[in-house]
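Student: quick one: sequence plus predicted model below, questions after.
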2 protein chains.
Amino acid sequence: MTPGKRYASSTDVARLAGVSQSAVSRSFTPGASVSAETRRKVMAAADALGFRPSIIPQIMLTNRSGLVAVIVGGLRNAFYGAVLERFATRLRDAGHQVLLVPVESDYSLDTVLEELRSYRVDAIVSGLAVLSQEVADALSAFRIPIVSCNTSVTSDWVASVDSDNRGAGRVAAEWLRRCGGTRFAYLAGPEESPASRDRLDGFRAGLAALGLGEPRVVIGDYSYDGGRAAAARLFAEAPADAIFCANDLVALGAMDAIRKRLGLRIPEDVMVIGYDDIPSAAWDSYDLTTFDQDPEGLVVQALDLVREMSENGPARGRVRVVEARFIPRGSTRNPTP
Amino acid sequence: MTPGKRYASSTDVARLAGVSQSAVSRSFTPGASVSAETRRKVMAAADALGFRPSIIPQIMLTNRSGLVAVIVGGLRNAFYGAVLERFATRLRDAGHQVLLVPVESDYSLDTVLEELRSYRVDAIVSGLAVLSQEVADALSAFRIPIVSCNTSVTSDWVASVDSDNRGAGRVAAEWLRRCGGTRFAYLAGPEESPASRDRLDGFRAGLAALGLGEPRVVIGDYSYDGGRAAAARLFAEAPADAIFCANDLVALGAMDAIRKRLGLRIPEDVMVIGYDDIPSAAWDSYDLTTFDQDPEGLVVQALDLVREMSENGPARGRVRVVEARFIPRGSTRNPTP
DNA sequence: TTGAAAGCGGTACCAG
DNA sequence: CTGGTACCGCTTTCAA
């Protein structure tokens, strides 16, 4: 790569303004003691040279870069887009810069972390779940505040913000039952996803509490195509009439398979519930009953954890749970009283 | 905030290893001349201290931060998510870090740019169109390579990568005509969007070339709700049977309005064409005829422009055009021979 | 209020 | 191959 262009430095400005370099620095420091006349001269020279103080030397002095890394694992799902945008906006409003880090799995995390460390990032927020205690401990060794979403594993420097996945699973079971469901099924996400597992756990618990048996479970991959395929597999074996899906994309794929391929009606023949409340869920063609994960709350809690750890240091086992709001729509029937 | 000496320095490592600080630096520089023994001692000490060279002093020396800012204006549209993810992945593969900057309009751009400059970002990629020559010139004054998408305005340091919007508009006109369309309409994006305007220009030109009159135009906002509302307004005035939409979200909203609210059939009564080929366009419920903007090509061209400007400096008026691939699906009828 | 000088943590060049 | 030293650009003492 090319040498790198030279920027005007405070020394250049000082020379042009006929003052000391310190005076220039002070002119750009709010509340520093500079005479109005000196500041005027400095600002004039700065404008002429297009000078703006570099933040790099500051980082060297303070070890605080103002950089917060946000790790995402695929933006295909509109829900992650929404969350990412909120993170970015709020972090910038709080005076931070956002380093976007796309990764494929949590195993590449420690490699990536090495880089982030060399940039002296102040904290890391991960939309990707940390899967094992080993990884969590490895991350913790970097002594940087890390907040992960929908992870049950924590460590000294690794905290978590979870949606109330279990609670939502129970609500789904109860609602489907009240609306007349009899043959229950769960279309899961990837096997290793803690969120998908927790939603299933809650669904199971809810059914059990109602004296109902185990739901049938089909493993999928959090995608539309996966949902379509999972629904096909489900019905190839035996029909179901009350399906809870690991997320909205899966639910939408399942709905299309059920209506277009199997020729069944929703909600008359089959009821479907999703998770996330992505924009498409509300579209006329789907009108999907789902859970609003409260991305705003998720982001607020995550950033609050970051702040807390930055100020007070490590905090083993910190987990915040954000309520999921149930949104009944037309993909489920009305409850019978 | 606590500054805290969180990081071990090369001096710390040198002391522990009983060598000079220079030796530590060399041990971490590929191809530097260090004896195996010295390197071993250094690495042992570095491991013990959790040392990793900071990149900050390097930035000071070279004026190259490795940071590339990516500006996005809303991730609601899945297309932007796909583009952003590609940018991020490719930039990281090329050894850069990605600074994510969400902005509302191009007018906030120069404020944001001040910050980016203090971080010594190497280049800026913007998914947001630059709207006026004034803004382009203001941006150019920062003397940082800037590549913007779907912008017709360029300047010394501002280049652009455009989808072939006009060409696609013509293709849409021809296809709708060949499939028996008679009453043409365009559901536009925001009035100031160059991409939306170019697509309309091409659509108009295509119709004119076929000896057909002006399409009716309804202004919208690139969203699903906007598309639904626009379709309602269009039909409230008079029916249409061949509708080209500024993007897929608008098209999907229009389709739902046409089918669910107006009770018309697609494609028998009304044909619809979109733009972007977002995932939802291929879903069974829509099966939308559209144009693939070739996000991969867009990203490759944009990054190539960045590289070119970084190496050769300003390049007034550089514009790259990426072909859009037409994808006929079920929202248009079959062409009559 | 002002200027001189130290120091942050690396890289690169020097002499040995 | 090795250690000493200058240097990047800023903030922050310290003395004047």
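Tutor: Structure's in. What do you need?

Student: can we go C-alpha only for contacts and neighbour counts from here?
Tutor: Noted.

Student: shaky segments in chain A?
Tutor: Residues of chain A that meet the criterion pLDDT under 70 lie in A:1-5, A:105-107.

Student: list the contacts for the residue most central in space within it?
Tutor: Closest to where the C-alpha atoms of chain A average out (Cα atoms, centre = their mean) is A:G127, at 3.7 Å. Residues in contact with A:G127, defined by Cα atoms under 8 Å, 6 or more residues apart in numbering or on different chains, are A:70-73, A:80, A:148-150.

Student: what of A:R316?
Tutor: A:R316 sits next to A:154-159 when contact means Cα under 8 Å, 6+ apart.

Student: distance to DNA strand D, secondary structure and neighbour count added to those residues, as a markdown table?
Tutor: Shown next, in a markdown table, are the contacts of A:R316 (distance: Cα to the nearest atom of the strand, whole Å; DSSP: H, G, I helix; E, B strand; the rest coil; neighbours: other Cα atoms under 10 Å in any protein chain shown):
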| residue | distance to DNA strand D | secondary structure | neighbour count |
| --- | --- | --- | --- |
| A:T154 | 35 | coil | 26 |
| A:S155 | 33 | strand | 22 |
| A:D156 | 30 | coil | 21 |
| A:W157 | 27 | coil | 26 |
| A:V158 | 30 | strand | 32 |
| A:A159 | 31 | strand | 29 |
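
Student: tell me which of the contacts of A:G127 fall in strands.
Tutor: Among the contacts of A:G127, the members found in strands (DSSP state E) are A:70-72, A:148-149.

Student: on that earlier part again, out of the contacts of A:G127, who's the most crowded?
Tutor: A:N150 (27 neighbours; other Cα atoms under 10 Å in any protein chain shown).

Student: now do the strands in the stretch 1-150 of chain A.
Tutor: Along the stretch 1-150 of chain A, the stretches classed as strands by DSSP state E, counting those that start in this stretch are A:67-72, A:97-102, A:123-126, A:146-149.

Student: export those strands as a markdown table, with columns for distance to A:Q301.
Tutor: Formatted as a markdown table, the strands of the stretch 1-150 of chain A follow (distance: least, Cα to Cα, whole Å):
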| stretch | distance to A:Q301 |
| --- | --- |
| strand A:67-72 | 15 |
| strand A:97-102 | 17 |
| strand A:123-126 | 11 |
| strand A:146-149 | 10 |
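
Student: tell me the buried residues in stretch A:195-212?
Tutor: Within stretch A:195-212, the residues scored as buried using 16 or more other Cα atoms under 10 Å in any protein chain shown are A:195-207, A:212.

Student: identify the farthest-apart pair in those.
Tutor: A:A195 and A:L212 (22.9 Å; Cα to Cα).

Student: out of the ones in strands among the contacts of A:G127, who's near DNA strand D?
Tutor: Applying Cα under 7 Å from any atom of the strand, the subset of those adjacent to DNA strand D is empty.

Student: just send these back as CSV, with distance to A:L113 too.
Tutor: Converted to CSV, the ones in strands among the contacts of A:G127 look like this (distance: Cα to Cα, whole Å):
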residue, distance to A:L113
A:V70, 11
A:I71, 10
A:V72, 14
A:S148, 14
A:C149, 17
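
Student: how about the helices in the stretch 51-200 of chain A?
Tutor: Along the stretch 51-200 of chain A, counting by DSSP state H, counting those that start in this stretch, helices occupy A:56-62, A:78-93, A:109-118, A:133-140, A:165-178, A:194-209.

Student: show me how far the fifth one is from its chain's centre.
Tutor: In terms of Cα atoms, centre = their mean, to the nearest Å, the centre of helix A:165-178 is set 23 Å apart from its chain centre.

Student: please export the alpha-carbon coordinates of that helix; PDB is fine.
Tutor: The C-alpha coordinates for helix A:165-178 follow below in PDB (Å, rounded to 0.1, in the frame of the first residue of the first chain):
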ATOM      1  CA  ASN A 165     -36.900 -17.500  25.300                       C
ATOM      2  CA  ARG A 166     -38.300 -20.000  27.800                       C
ATOM      3  CA  GLY A 167     -41.200 -17.800  28.900                       C
ATOM      4  CA  ALA A 168     -42.100 -17.200  25.200                       C
ATOM      5  CA  GLY A 169     -42.100 -21.000  24.600                       C
ATOM      6  CA  ARG A 170     -44.600 -21.500  27.400                       C
ATOM      7  CA  VAL A 171     -46.800 -18.700  26.100                       C
ATOM      8  CA  ALA A 172     -46.700 -20.200  22.600                       C
ATOM      9  CA  ALA A 173     -47.800 -23.600  24.000                       C
ATOM     10  CA  GLU A 174     -50.700 -22.100  26.000                       C
ATOM     11  CA  TRP A 175     -51.900 -20.000  23.100                       C
ATOM     12  CA  LEU A 176     -51.900 -22.800  20.600                       C
ATOM     13  CA  ARG A 177     -53.700 -25.000  23.100                       C
ATOM     14  CA  ARG A 178     -56.400 -22.300  23.800                       C
END
